[in-house]
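In: dropping a prediction and its sequence here:
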Amino acid sequence: MPNQLKHRWRKDQLIVLGILCVIYIAFTAIFNWMMGLIGIILLAVIFYWVLRNDAVYKKDLEAYISTLSHRIKKVGDEALLHMPIGIILYDNDHNIEWMNPYMISLTGGDSFLAHSLNLISEALIPIIKGDSEEEIVKIQKRNYLVTIRREDRLLYFSDVTELKDIEERYNNEQSVFAIIYLDNYDEVTQGMEDQVKSNINNELTGMIKDWGANYDIYLKRFSSDKFFAVLNQKILKDLEKTRFSILDNVRELKTQSHIPFTLSIGIGLGMHSLPELGQLAQSALDLALGRGGDQVVIKEPHGKVKFYGGKSNPIEKRTRVRARVISHALSELVHESDQVLIMGHKHPDMDSIGACIGIMKIAESNDKQASIVIDPENYGSGVIKLIEEIREREELWDKFISPDDAIDQVTARTLVVVVDTSKPSMVMEPKLLSKAERIVVIDHHRRGEEFIDDPVLVYMEPYASSASELITELLEYQPKHLSLDPIEATSMLAGITVDTKSFTFRTGSRTFDAASYLRSHGADTILVQKLLREDLTQYKRRAKLIKSSEIYKDNIAIAMGKEDEKFDQVLIAQAADTLLSMDGISASFVIAVRLDGKISISARSLGEINVQLIMENLGGGGHLTNAATQFEDISLEEAKEKLKSTINEYIEGGEEES
């Protein structure tokens, strides 16, 4: 701006000065007319100068503004046409209306006018329809930050490839800790001659160290069955691509006992603090072992837990010593409590009811009052006959209370025992978990990502057939004056029978020991068979469900109900069991609408296919041969497509991830 413009008086200041001059001249003229005349002449000269100066100012200002406007327009045109920022205008149908030259260069010289934004990137239209103001999109192998101006139907593209590369390099170099554990080293090598044991040890160590060296992993063995490993996230990604082939390599190692070695790895990442990183790795290993071992668990502070492996059926390795220790620990907790509240999962089955009754007997044997929490409106159809039998025993039925009554009874010294599940979302009354200060978890399912917070005692054995089997073993180490009523023993035996499909699945020597103990305490096998008998109408409905089945991937049966038909969860599971009994079927999946309106998938297998990992990928869980999941707000066809997609990923991946 010119200097004379910078120092120009403001108009209001000149007006004030003029008024003061007029007053001064008028006052002077009263005493000396000559001086007044001179003042008038000077005032006229001043006003002439001001007017002339103002005209010059306006002329200069107009010239300056004209020049500035031209420069701004020129700069705007330069920015619009030549700056390295892509610009796209689009219409209401997401077709391209205009692109600046830089954007045209990004697309190989074609403006794509009147064509869909999908030609630039298929991610653009979903981004525009979303709520985000900025997203990163890949175009021609480069990353661009897309800024969306929806009101103007305008997109800006800024090249952030170098920034993304730096970010990726930074993330790839972040430290990762891992703890590698030989699950059954002591069991397999027990009784071996020193020379044989030494050879096996050398072979195992060499195999693990070679694996570490191939991926530039630092390994340090700190006990006979544990290694500590340090790697980075880039190496971890490479390991994930192989789905941790070391698990298979170790499992295939031949031993004299013909029992395969299995490996579990807990991995922690995403923390800058090294102690916290180590804690994450240990927590991940605990989770892997809680799920039965022979798998890798990757854990981040706030991310989803990843699972790899877990393809082998857990080998029964729990000991009587552990059962005795848990039984005594539970007795001490019961003694320290004023009462015991017991609950299983929603829509309880035989195993859940039987396990609850077993814990109630443990509490009574320690002279403590115990109540079983159950919702009369939440019975599974498979337990209605059992509930009717219990109702006839008034003394036993009085021990069953509603969730509302249980919440009212909770005190600071109440012990809450959860059986047959470890997921807080699945328990009979989730509010009890937040209100109780001491919680015990006893379950035979593999531990999942969702788990009850801060339990004082956890007894999870995925090698067991059922929760009733676990609790029967605990009963054996309780005070000798413990006595079981025949209906109580029968309820627990029914739980074992249902979960083992009449002692055909997941049945070990300990399962028969538990059944023998219950039989010796009056369990009625005839009554068990009566409780398990099904209604003819239900049988026909199950047959109709099975009739809808199709064969997928040569050996997988998938059955699906109709949208307007609702089935009990037990019936859906029974249909899956029946399909699995057919010749040539390795796994079965039944999809149907439950009574509560949710879509359920029940999965069964003979062990060749790990249905647990397939169901975990769909948000559910279970065992290698027995699993399930539920969906809300989707159709049966959508659920079926999700299932098929997950089965495809499982088969194509070879190893499994959830």
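Out: Nice, I can see it.
In: show me where the stretch 51-200 of the chain has its strands.
Out: Taking DSSP state E, counting those that start in this stretch to define them, one finds strands in the stretch 51-200 of the chain at 86-90, 96-99, 134-139, 142-149, 154-159, 175-182.
In: now do the stretch 201-350 of the chain
Out: Taking DSSP E, counting those that start in this stretch to define them, one finds strands in the stretch 201-350 of the chain at 218-223, 226-232, 263-268, 295-299, 306-309, 339-343.
In: now do the fourth one: everything it contacts.
Out: Residues from elsewhere that reach strand 295-299, judged by C-beta atoms under 8 Å, 6 or more residues apart in numbering: 236, 240, 244, 247, 264-269, 280-281, 283-285, 287-288, 291, 305-310. No exception for glycine: its C-beta is placed from N, CA and C like everyone else's.
In: ok so, going back, weakest of the strands of the stretch 201-350 of the chain by average pLDDT?
Out: Confidence, taken as mean pLDDT, is least for strand 306-309 of the strands of the stretch 201-350 of the chain (a mean of 82).
In: distance between that one and the chain's centre?
Out: 13 Å (C-alpha atoms, centre = their mean, to the nearest Å).
In: which helices and strands sit right next to that strand?
Out: strand 295-299 (3 or more C-beta pairs under 8 Å, 6 or more residues apart in numbering; DSSP states H and E).
In: let's have the strands of the stretch 51-200 of the chain in a markdown table, adding mean pLDDT and distance to Glu632.
Out: Shown next, in a markdown table, are the strands of the stretch 51-200 of the chain (pLDDT from 0 to 100; distance: least, C-beta to C-beta, whole Å):
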| stretch | mean pLDDT | distance to Glu632 |
| --- | --- | --- |
| strand 86-90 | 86 | 35 |
| strand 96-99 | 85 | 39 |
| strand 134-139 | 88 | 28 |
| strand 142-149 | 90 | 31 |
| strand 154-159 | 89 | 35 |
| strand 175-182 | 94 | 36 |
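In: now the strands of the stretch 201-350 of the chain in CSV, with mean neighbour count and distance to Lys435?
Out: Shown next, in CSV, are the strands of the stretch 201-350 of the chain (neighbours: other C-beta atoms under 10 Å; distance: least, C-beta to C-beta, whole Å):
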stretch, mean neighbour count, distance to Lys435
strand 218-223, 12, 41
strand 226-232, 18, 39
strand 263-268, 26, 32
strand 295-299, 27, 29
strand 306-309, 23, 32
strand 339-343, 25, 10
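In: what residues does the host helix or strand of Thr490 touch?
Out: Taking DSSP states H and E as the criterion, the element that holds Thr490 is helix 486-499. Applying C-beta under 8 Å, 6+ apart, the external contacts of helix 486-499 come out as 349-355, 357-358, 361, 382, 386, 389-390, 393, 396, 444, 465-469, 471-472, 503, 506, 511, 514-515, 518-519, 521-525, 527-528, 531-532.
In: returning to that earlier point: check the strands of the stretch 51-200 of the chain for me and report the most buried one.
Out: Most buried of the strands of the stretch 51-200 of the chain, by mean neighbour count (mean count of other C-beta atoms under 10 Å): strand 175-182, with a mean of 22.
In: what's the spacing between that strand and its chain's center?
Out: Using C-alpha atoms, centre = their mean, the offset of strand 175-182 from its chain centre is 22 Å.
In: so what does it touch, helix or strand wise?
Out: Judged by 3+ C-beta pairs under 8 Å, 6+ apart, strand 175-182 is in contact with strand 226-232, helix 233-241, strand 263-268, helix 274-290.
In: where along the stretch 551-658 of the chain do the helices fall?
Out: Per DSSP state H, counting those that start in this stretch, the stretch 551-658 of the chain carries helices over the ranges 569-580, 611-617, 636-653.
In: still on that earlier bit, what angle sits between the helix or strand following the helix holding Thr490 and helix 486-499?
Out: Moving toward the C-terminus from helix 486-499, the next helix or strand (DSSP H and E) is helix 509-520. Put simply, helix 509-520 runs at 150 degrees to helix 486-499, going by axes from the mean of the first three to the mean of the last three C-alpha atoms, to 10 degrees.
In: packing partners of helix 509-520?
Out: Here helix 509-520 touches helix 467-476, helix 486-499, going by 3+ C-beta pairs under 8 Å, 6+ apart.
In: rounded mean pLDDT for the first one, please.
Out: It stands for helix 467-476. pLDDT averaged over helix 467-476 gives 93.
In: may I see the buried residues of that helix?
Out: By neighbour count with 16 or more other C-beta atoms under 10 Å, helix 467-476 contains the buried residues Ala467, Ser468, Glu469, Leu470, Ile471, Thr472, Glu473, Leu474, Leu475.
In: nearest to Leu219, of these?
Out: Nearest to Leu219 among the buried residues of helix 467-476, counting by C-beta to C-beta, is Leu470 at 36.1 Å.
In: gap between the closest one and Phe112?
Out: Distance of Leu470 to Phe112, given as C-beta to C-beta, to the nearest Å: 65 Å.
In: buried residues, stretch 425-432. List them.
Out: Within stretch 425-432, the residues that qualify as buried by neighbour count (16+ other C-beta under 10 Å) are Met426, Val427, Met428, Glu429, Pro430, Leu432.
In: nearest to Ser331 among those?
Out: Of all the buried residues of stretch 425-432, Leu432 has the smallest distance to Ser331: 21.6 Å, by C-beta to C-beta.
In: adding distance to Ser105, write the helices and strands packed on strand 175-182 out as CSV.
Out: Formatted as CSV, the helices and strands packed on strand 175-182 follow (distance: least, C-beta to C-beta, whole Å):
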stretch, distance to Ser105
strand 226-232, 37
helix 233-241, 33
strand 263-268, 44
helix 274-290, 45
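In: tell me who's in contact with Arg542.
Out: Residues in contact with Arg542 (C-beta under 8 Å, 6+ apart) are Leu571, Gln574, Ala575, Thr578.
In: dump the residue contacts of the third one.
Out: Spelled out, that is Ala575. By C-beta under 8 Å, 6+ apart, the residues touching Ala575 are Arg542, Leu545, Ile546, Ala559, Val590, Ala592, Ser602.
In: and which of the residues you listed is nearest Asp186?
Out: Of all these, Asp186 sits closest to Ser602, with 37.1 Å by C-beta to C-beta.
In: and the closest one, how far from Ala412?
Out: Distance, Ser602 to Ala412, using C-beta to C-beta: 41 Å.
In: so those two - more neighbours on which side?
Out: Comparing Ser602 with Ala412 by other C-beta atoms under 10 Å, the one with more neighbours is Ser602, at 29 against 8.
In: quick one: contacts for the more buried one?
Out: Gln569, Ile572, Ala573, Ala575, Ala576, Phe589, Val590, Ala628.
In: if you set the cut-off to 6 Å instead, what comes out?
Out: Ser602 makes contacts with Ile572, Ala573, Ala576, Val590, Ala628, as judged by C-beta atoms under 6 Å, 6 or more residues apart in numbering.
In: follow-up on the earlier one: show me the one of the helices of the stretch 551-658 of the chain that comes nearest Tyr218.
Out: helix 636-653 (27.7 Å).
In: show me what that closest one packs onto, helices and strands only.
Out: strand 587-594, helix 611-617 (3 or more C-beta pairs under 6 Å, 6 or more residues apart in numbering; DSSP states H and E).
In: same thing but 10 Å
Out: On a contact count with 3 or more C-beta pairs under 10 Å, 6 or more residues apart in numbering; DSSP states H and E, helix 636-653 meets strand 550-552, strand 556-560, strand 587-594, strand 599-605, helix 611-617, strand 626-631.
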